[in-house]
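In: Quick one: sequence plus predicted model below, questions after.
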Amino acid sequence: MSHSSASYRGIAEENMEKSKLDRLHMISLKFMDSQFEDEYQKFTAAGIAGVITCILFFAMFGSLSNSPQVQVMMLSPLTLSSVVKNFVIVLLVTLLSIYLSRQAEIFYRQQFVSGLEMQKANSKLTTQLKRLQKTFNNKAADFDSPLEKSVLILKSILADPSVSTNLLGMLDQVVQLLGSTNILAPDLENQLTDFMDNEQEAWLFSEIAPRKRVGGALRKNANRRRSSIAAPQSSSAAPTIRKDVAISDIPPQPSSVPENSVPSIFSAEPDASKQAAIQKSGAATARSTSAASKMLRSVSKAASSVLKPPEMTYDLFNEIATSPEMAPILSMVDTYNWKIFEFVDASDNHPLCVLTGFMFERADLFSHFDIPHEKFWKFVATIESAYHAGLPFHNASHAADVLHCIAHLAQLPNISNILGESELLCIYIAAIIHDVDHPGVNNNFLSTTYDMRAILYNDRSILENHHLATAFTLMSRSELDFLGQLPRAEFKQLREAVIEMVLATGTRT
């Protein structure tokens, strides 16, 4: 129903109610007038009847008043004066009763008419109020949010004296929770412990719940322990970088990566002329610009910086996958508690290559996207070799473990129903490259030590951006571009999805 039809209907209902009250009022007035006439006629008739009754009574029983029997029965003789006296008394009582009844009737009728008048006036005022309310609602919007309305309702319930004490306590807690600054995020501010380092705390308050602000500043617990990187009092803390010292003057820090591991694709050292130029430059802006330029040039030369990976072909993959040691392990790949370490031992030091090939072949991604086998195996082998084997965690085995976990989740009924081949390809690639060329330290370390990668990515998701740049730089090589046959728009969409997934694995710092 439209707004105009609803308003017309409301006006019609108001007119009907008004006419109904008018008719009722007129009927009441007419009834009261007719009652007044009836009362007057009754009063006159009662008076005449009383006179006639008195006369007839005296005419009938007046002659008997002298008889001895009547005199014996009566205490006093029946005389005309006594009859008139009694008649007058009865007549006065009758007239008084009729008068009082008439006055009571008039009073109640007047009360009824006054009530009708008040009801009519009240109805008129109610109609005017409704019109004003409709006019106001048409001109003004309701700015109260559903949450604010809910709080008001709960507060009105709290003001009810009939509510029990236990219910009052629970409702009071609900009102306090609804009054939080962010009701959709957990309250982690009061749950921080000394067993949480800076990286975990930054992730919690960037991805899970933002910090509460008090007086314009972030609320922090000053008594919490800080890591050795952020604590300048610790003897093991990283050296402070002075503004007036060139980057090249800083003594090299010991690396957590063994010397015999595969070098980073960004490990190319600048030549002597560039080092001298950086050393002579005393401005921080010049140092940052030179370092960033060097990193960008290293990205363009990433292919030449990676050692030649071991050969991996479909025949070699098939030989490893069908071996007596590997076949029973791969048959249990859909279980969540998969024996990843037994798989790594049976993969002949190619856990990422074997599991990636198995997942792609099982999902029929080779034929669906027309992926060339030679480029695919070279790319996966290159990515696997770019993972540092000397790291205890961020290595190729970890990448294979993540690939298995995401593949297990993707085959669950509620998830597999909404995933197609394109989504599986994006998920598998993101899992394969998500930690490639990981140096073994976190973003906070790189930012604090003024690492070149921190300079290049402005301290924003340093490692995650580095993993993506490494992978797509390698993919840009013609012999490794196994997705080169895809249409440009489809590849762009795939790349955007992979970037979003890899960036989501880190923190915002």
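Out: Yes, it's here. Numbers count the residues shown, from 1 in each chain.

In: quick check: mean pLDDT across stretch 386-406?
Out: If you average the pLDDT over stretch 386-406, you get 94.

In: Would you mind putting the CA coordinates of it into CSV?
Out: Extracted C-alpha coordinates of stretch 386-406, given in CSV (Å, rounded to 0.1, in the frame of the first residue of the first chain):
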residue,chain,number,x,y,z
ALA,A,386,64.4,-20.9,-2.6
TYR,A,387,63.2,-22.1,0.8
HIS,A,388,66.2,-22.2,3.2
ALA,A,389,66.9,-25.8,4.2
GLY,A,390,68.9,-24.7,7.2
LEU,A,391,65.9,-23.0,8.9
PRO,A,392,64.2,-25.2,11.6
PHE,A,393,60.7,-24.0,10.7
HIS,A,394,60.3,-21.8,7.6
ASN,A,395,61.5,-24.4,5.1
ALA,A,396,60.1,-26.4,2.3
SER,A,397,58.7,-29.0,4.7
HIS,A,398,56.7,-26.2,6.4
ALA,A,399,55.3,-25.1,2.9
ALA,A,400,54.3,-28.7,2.2
ASP,A,401,52.6,-28.9,5.6
VAL,A,402,50.6,-25.8,4.9
LEU,A,403,49.7,-27.0,1.5
HIS,A,404,48.3,-30.3,3.0
CYS,A,405,46.4,-28.4,5.6
ILE,A,406,44.7,-26.0,3.1
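
In: In it, which residues are buried?
Out: 386-388, 391, 394-404, 406 (16 or more other C-beta atoms under 10 Å). In this view, the C-beta of every residue, glycine as well, is placed from N, C-alpha and C.

In: got it, and stretch 315-332?
Out: Residues of stretch 315-332 classed as buried by neighbour count (16+ other C-beta under 10 Å): 316, 317, 320, 321, 326, 329, 330.

In: just checking, which of those belong to helices?
Out: 316, 317, 320, 321, 329, 330 (DSSP state H).

In: Name the nearest residue to the second one, ignoring sequence neighbours.
Out: Looking back up the chat, that one is residue 317. residue 357 (4.6 Å; C-beta to C-beta, 6 or more residues apart in numbering).

In: In three-state terms, label that neighbour for me.
Out: helix (DSSP: H, G, I helix; E, B strand; the rest coil).

In: residues contacting it?
Out: 314, 317, 321, 377, 380 (C-beta atoms under 8 Å, 6 or more residues apart in numbering).

In: could those residues go into TSV alongside pLDDT and distance to residue 475?
Out: Converted to TSV, the contacts of residue 357 look like this (pLDDT from 0 to 100; distance: C-beta to C-beta, whole Å):
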residue	pLDDT	distance to residue 475
314	86	19
317	90	20
321	91	24
377	94	14
380	95	11
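
In: Go through the residues you listed and say which is closest to residue 91.
Out: residue 380 (127.4 Å; C-beta to C-beta).

In: tell me, how many neighbours does that closest one end up with?
Out: Residue 380 is flanked by 25 other residues according to other C-beta atoms under 10 Å.

In: That one against residue 429, yeah?
Out: No: in this structure residue 380 lies outside contact range of residue 429 using C-beta atoms under 8 Å: 10.0 Å.

In: do you know how far residue 186 is from residue 165?
Out: Distance, residue 186 to residue 165, by C-beta to C-beta, to the nearest Å: 29 Å.

In: scratch that, residue 313 is what I was asking about
Out: The value you get for residue 313 to residue 165, if C-beta to C-beta is used, is 76 Å.

In: can you pull out the strands in the stretch 301-450 of the chain?
Out: Defined through DSSP state E, counting those that start in this stretch, the strands belonging to the stretch 301-450 of the chain form an empty list.

In: in stretch 460-479, what's buried?
Out: Quick answer for stretch 460-479 (16+ other C-beta under 10 Å): 461-471, 473-475, 477.

In: got the CA coordinates for it in PDB?
Out: What follows is stretch 460-479, C-alpha atoms only, in PDB (Å, rounded to 0.1, in the frame of the first residue of the first chain):
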ATOM      1  CA  ARG A 460      54.400  -2.700   6.000                       C
ATOM      2  CA  SER A 461      54.100  -6.600   5.800                       C
ATOM      3  CA  ILE A 462      57.800  -6.800   5.000                       C
ATOM      4  CA  LEU A 463      58.200 -10.500   4.700                       C
ATOM      5  CA  GLU A 464      54.800 -11.100   3.100                       C
ATOM      6  CA  ASN A 465      55.500  -8.600   0.300                       C
ATOM      7  CA  HIS A 466      59.000 -10.100  -0.100                       C
ATOM      8  CA  HIS A 467      57.500 -13.700  -0.500                       C
ATOM      9  CA  LEU A 468      55.100 -12.400  -3.200                       C
ATOM     10  CA  ALA A 469      57.700 -10.400  -5.000                       C
ATOM     11  CA  THR A 470      60.100 -13.400  -5.000                       C
ATOM     12  CA  ALA A 471      57.500 -15.800  -6.400                       C
ATOM     13  CA  PHE A 472      56.100 -13.600  -9.100                       C
ATOM     14  CA  THR A 473      59.600 -12.500 -10.100                       C
ATOM     15  CA  LEU A 474      60.500 -16.100 -10.700                       C
ATOM     16  CA  MET A 475      57.300 -16.700 -12.500                       C
ATOM     17  CA  SER A 476      58.100 -13.800 -14.900                       C
ATOM     18  CA  ARG A 477      60.900 -15.900 -16.300                       C
ATOM     19  CA  SER A 478      59.800 -17.600 -19.600                       C
ATOM     20  CA  GLU A 479      61.000 -21.000 -18.600                       C
END
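
In: Make sure residue 467 is actually in contact with residue 437.
Out: Yes: when contacts are counted by C-beta under 8 Å, residue 467 is listed as touching residue 437 (6.7 Å).

In: Common neighbours of the two, please.
Out: Between them, residue 467 and residue 437 share no contacting residue, judged by C-beta under 8 Å, 6+ apart.

In: Does residue 494 touch residue 427 like I think?
Out: No: in this structure residue 494 lies outside contact range of residue 427 using C-beta under 8 Å: 10.7 Å.

In: how about low-confidence regions in the stretch 1-150 of the chain?
Out: Scanning the stretch 1-150 of the chain with the threshold set as pLDDT under 70 gives 1-43, 46-47, 50-51, 53-80, 83, 136-143.

In: ok, which stretches of the stretch 301-450 of the chain are helices?
Out: 302-305, 314-321, 327-330, 340-346, 351-362, 365-368, 373-386, 396-410, 413-416, 421-433, 443-448 (DSSP state H, counting those that start in this stretch).

In: tell me the angle of the longest one relative to helix 421-433?
Out: Our comparison of helix 396-410 with helix 421-433, counting by axes from the mean of the first three to the mean of the last three C-alpha atoms, to 10 degrees, yields an angle of 150 degrees.
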